[in-house]
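S.K.: predicted model and sequence follow; I will ask about them next.
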Amino acid sequence: MIKPMFLLVISLLVAAIQTHQTFPGYKLGEEVNIQCKTAQGNWGQGPTCVETGKPINFHFGHDMLQACTWGITSDEDYEHFKRLITREETWSCRVEVGPGVDFYLPFFIPIWGVVEDTHIHIDTHLNFVFHGDNYGHIMGGAAYPVQDHFQPVQKGTYLKIHGPVKWFKGHYFHDFSPNSVFASSSSTDILPVLLMWSLVSIMLTAVIAVSYYQCCIKPRLVRKLLKQD
């Protein structure tokens with residue numbers, strides 16, 4: 001009984017590895033689109049950027065600074081954002097693990113703000129983080145607000161959202177690209193900087209010491225010697 005079970009487990013593992021490797025993947029820099037629930041609770045496109053007239057999108061493996069203006073132009077939009085702030089609703093979103101694949105990674109876009117009687121305030125800084133693998137698959141993703149400017153919002157307001165998009169490789173916080181715009185620091189990255197600052201400090205100390213000797217100590221010694229003569 002143990003042997004057949006063992007063979008079954010091995011077969012499943014092999015099948016999983018083969019499926020993983022043949023699963024369609026994004027090319028580096030390929031456009032990645034998201035889907036989000038509408039105010040009616042249906043899956044639709046992600047929030048549309050006024051600047052481009054297209055839904056917000058990302059590029060696989062590429063860090064970037066995102067800027068996207070959202071139009072809150074109707075009563076329905078305004079009430080939707082109020083409910084998002086008070087957590088009566090969650091803005092559920094998803095992204096295809098691979099292009100054209102009916103398999104999605106879930107995440108949500110949190111809206112941080114304050115509800116007033118006549119208007120609301122919404123934080124405009126939103127960070128996006130994604131994890132990808134060597135096969136071009138998206139392994140994880142999240143969006144989160146960072147305290148910045150809280151914009152007053154009423155019906156008809158255009159909300160200017162901005163923030164970095166960061167890609168990591170694998171399960172940990174390793175930069176997806178060595179030339180990442182927002183490269184994370186490591187001890188080996190910091191060492192050259194420390195050595196440079198140490199060298200600069202030594203040179204500045206030497207210059208100050210020589211200047212002090214020439215301007216202060218040397219004239220005193222000369223005057224002292226002249227008096228002795």
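M.R.: Nice, thanks for sending it over.
S.K.: just the helices in the chain please.
M.R.: 2-22, 75-85, 187-212, 218-228 (DSSP state H).
S.K.: can you list the buried residues in the top strand by length along the chain?
M.R.: Using DSSP state E to define each element, the chain has its longest strand at strand 157-169. By neighbour count on 16 or more other C-beta atoms under 10 Å, the buried set for strand 157-169 is 157, 159, 161, 163, 164, 165, 166, 167, 168, 169. (C-beta placed from N, C-alpha, C; glycine too.)
S.K.: what is the mean pLDDT for that strand?
M.R.: On average, the pLDDT along strand 157-169 is 96.
S.K.: got the contact list for it?
M.R.: With contacts defined as C-beta atoms under 8 Å, 6 or more residues apart in numbering, strand 157-169 is touched by 50, 58, 60-72, 122, 124-134, 146, 151, 153, 174-177, 180-182.
S.K.: quick one, that strand and helix 75-85 angle?
M.R.: Here strand 157-169 runs at an angle of 50 degrees relative to helix 75-85 (axes from the mean of the first three to the mean of the last three C-alpha atoms, to 10 degrees).
S.K.: for strand 157-169, output the C-alpha coordinates as CSV.
M.R.: C-alpha atoms of strand 157-169 as CSV (Å, rounded to 0.1, in the frame of the first residue of the first chain):
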residue,chain,number,x,y,z
THR,A,157,-13.5,65.6,-7.6
TYR,A,158,-10.6,64.1,-9.4
LEU,A,159,-8.4,62.1,-6.9
LYS,A,160,-4.7,62.2,-7.8
ILE,A,161,-3.2,58.8,-6.7
HIS,A,162,0.6,58.3,-6.8
GLY,A,163,3.2,56.0,-5.4
PRO,A,164,5.9,53.4,-6.3
VAL,A,165,5.4,50.0,-7.9
LYS,A,166,8.0,47.5,-6.7
TRP,A,167,8.7,44.0,-8.0
PHE,A,168,10.5,41.3,-6.0
LYS,A,169,11.8,38.0,-7.3
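S.K.: how far does it sit from the chain's center?
M.R.: 7 Å (C-alpha atoms, centre = their mean, to the nearest Å).
S.K.: quick revisit: now tabulate the buried residues of strand 157-169 in a markdown table and tack on distance to residue 100.
M.R.: Output for the buried residues of strand 157-169, formatted as a markdown table (distance: C-beta to C-beta, whole Å):
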| residue | distance to residue 100 |
| --- | --- |
| 157 | 36 |
| 159 | 31 |
| 161 | 27 |
| 163 | 28 |
| 164 | 27 |
| 165 | 22 |
| 166 | 25 |
| 167 | 20 |
| 168 | 24 |
| 169 | 23 |
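S.K.: so which of those residues comes closest to residue 84?
M.R.: residue 159 (11.8 Å; C-beta to C-beta).
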